[in-house]
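Colleague: give me the fold of what follows.
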Amino acid sequence: MRPMEVFVSPVTDPRVNLGLESFFLNEFEGEGGLVYRNAPCVVIGKNQNPYKEVDVAYCKRNGVEVLRRESGGGAVYHDLGNINTAFFGKRKGIADDLYCRWTKPPIAFLESLGVDAERDGRNGLEVGGRKISGSAQTLKRDRFLHHATLLCASDLLKLEACLSSERTLVSGQSVESYRSPVENLMEVVFEAQEVEGFLERWVDFLCSHLKGVRSTIPFESGAVVQSLVEKQYSKWEWNVGRSPKYQFRLPVETDYLVFWVVKGMVEEVRWELSTESSALLKNLAGQPFSLERLKQTSLNSICPHLDEIVF
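Modeller: Numbers count the residues shown, from 1 in each chain. I've put the predicted structure just below:
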C-alpha cells in the first residue's frame, strides 16, 4: 500500500501553487498533503466576485495579485507569514466528513504547541474567539482536495486592507465572504522562531500524524502546472471574467454607468440617472468588462480613476 506523502512546494508563486493543487487533485493517484507559502495575493473562491471581496485600488497599488481557486468558500489573503496546506486523496465517505477529518491534524498540531484551538462553525479554527485558520474543499469524481490556511506571522493590517471592498458598486449572486477577527499564531505561541521553523515543525508533525513520508514534488507535475499557469491562473477570463453574473455601477462624472455583466461580457449598459443613448453605450455592449477593453473607449477620458476601479 502506498504511504501518505507530504510535499513542500519550493516556490512562492501563487499561480504555480494553485497549479500544484490542481495537479494533486486531478492527476496524482496517491494521498497526502502539499505545504506551501505564497507571495502576497488574495485567493477568492470559485464562485466569488472579486469586486465584492477586495479593495481593487489597494491591491493594484501594492502589487497584490487577485486569483481564483478551484474550490468554493471565501476570499483569503496570503503572504509569506501564512502557511497553507492542501490535503488530497480518494473520497472515503460523505463529503461533509472531510471538514471534520482534516481539521483534526492542525488542531492536534496546535495542541502540541500548547494552543487550544477549536472549530468556529464556518470550516475554520479559532483561538480565543479569533480566527487562525480557514479551509475550503473541492470534489472531483472520486478525489478530494481540502486546503487550509494557518496564520503564523501574516501582515494583518495588509490583510484587512486587501479584503475591504466597495460593495455598493456591485450586486449579484456570488458567494460572499464572512469577515472574522483574526490572529497570528506567533501572538499565542511565545517562541523565538521564524515562520520557516514553524513550517518545518508542521511538516514533521504531518509526516508523523499521517504515518507518511516527506517526498519531492513529482517531476511530471511540471508540464501540467506550467500549462495551468499559462492557460488558467494567469488569465483575466478565469480570475475575474468567470464571476457569476452581476451589475456594476461605474462612477462617471455626476452619474453612474450601470453594467450588466454575464460570464465577463457586458450584456447591457445604461446610465443610472439619464435615459440618454450614445455611441459609447453601443460600443460597450457585447465587450468584456475589463480594464483593457474599457480603456480603448472614450470612458478613459471621462472616468479618470478607471485604473483604480476595474480589473
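Colleague: where along the stretch 101-250 of the chain do the helices fall?
Modeller: 156-162, 195-209, 221-228, 236-239 (DSSP state H, counting those that start in this stretch).
Colleague: low-confidence stretches in the stretch 151-300 of the chain?
Modeller: The model of the stretch 151-300 of the chain has pLDDT under 70 over residues 190-192, 277.
Colleague: re the thing from before, out of the helices of the stretch 101-250 of the chain, nearest to Ala117?
Modeller: helix 195-209 (13.5 Å; CB to CB). All C-beta atoms are positioned from the backbone trio N, CA, C, and that covers glycine.
Colleague: need the helices of the stretch 101-250 of the chain in a markdown table (columns: mean neighbour count and distance to Gly19).
Modeller: Shown next, in a markdown table, are these (neighbours: other CB atoms under 10 Å; distance: least, CB to CB, whole Å):
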| stretch | mean neighbour count | distance to Gly19 |
| --- | --- | --- |
| helix 156-162 | 17 | 22 |
| helix 195-209 | 17 | 20 |
| helix 221-228 | 16 | 4 |
| helix 236-239 | 16 | 12 |
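Colleague: I'd like to know which of the ones you listed lies nearest to Leu150.
Modeller: Nearest to Leu150, of the helices of the stretch 101-250 of the chain and by CB to CB, is helix 195-209 at 7.3 Å.
Colleague: assign a three-state SS to Val258, would you?
Modeller: Here Val258 is recorded as strand under DSSP: H, G, I helix; E, B strand; the rest coil.
Colleague: residues near it, how many?
Modeller: 16 (other CB atoms under 10 Å).
Colleague: report the beta-bridge partners for it.
Modeller: With DSSP bridges as the criterion, Val258 is bridged to Arg249, Arg270.
Colleague: now the helices of the stretch 101-250 of the chain in CSV, with distance to Val6?
Modeller: CSV is the format used below for the helices of the stretch 101-250 of the chain (distance: least, CB to CB, whole Å):
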stretch, distance to Val6
helix 156-162, 27
helix 195-209, 5
helix 221-228, 15
helix 236-239, 28
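Colleague: which one of the ones you listed lies nearest to Leu67?
Modeller: Leu67 lies closest, by CB to CB, to one member of the helices of the stretch 101-250 of the chain: helix 236-239, at 5.4 Å.
Colleague: who's in contact with that closest one?
Modeller: 50, 66-68, 232-233, 264, 288, 290, 292, 311 (CB atoms under 8 Å, 6 or more residues apart in numbering).
Colleague: drop anything exposed from those.
Modeller: 50, 66-68, 232-233, 264, 288, 290, 311 (16 or more other CB atoms under 10 Å).
Colleague: make CSV out of these and add distance to Thr168 and secondary structure.
Modeller: Shown next, in CSV, are the buried ones among the contacts of helix 236-239 (distance: CB to CB, whole Å; DSSP: H, G, I helix; E, B strand; the rest coil):
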residue, distance to Thr168, secondary structure
Pro50, 16, helix
Val66, 19, strand
Leu67, 25, strand
Arg68, 23, strand
Gln232, 31, helix
Tyr233, 30, helix
Gly264, 21, coil
Pro288, 23, strand
Ser290, 21, coil
Phe311, 18, coil
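Colleague: pick the one among those residues closest to Ser171.
Modeller: Using CB to CB, the buried ones among the contacts of helix 236-239 come closest to Ser171 at Pro50, 14.3 Å.
Colleague: look up how far Lys263 lies from the closest one.
Modeller: Distance from Pro50 to Lys263, counting by CB to CB, to the nearest Å: 15 Å.
Colleague: hang on, the earlier thing: so which of the helices of the stretch 101-250 of the chain comes closest to Leu139?
Modeller: Of all the helices of the stretch 101-250 of the chain, helix 221-228 comes closest under CB to CB, at 18.6 Å.
Colleague: just the buried residues of stretch 274-284, please?
Modeller: Buried, per 16+ other CB under 10 Å, within stretch 274-284: 280, 283-284.
Colleague: so of the residues you listed, which ones are in helices?
Modeller: Using DSSP state H, 280, 283-284 are the members of the buried residues of stretch 274-284 that sit in helices.
Colleague: what's the closest non-adjacent residue to Glu31?
Modeller: Gly89 (3.1 Å; CB to CB, 6 or more residues apart in numbering).
Colleague: what helix or strand is the one you found located in?
Modeller: strand 82-90 (DSSP states H and E).
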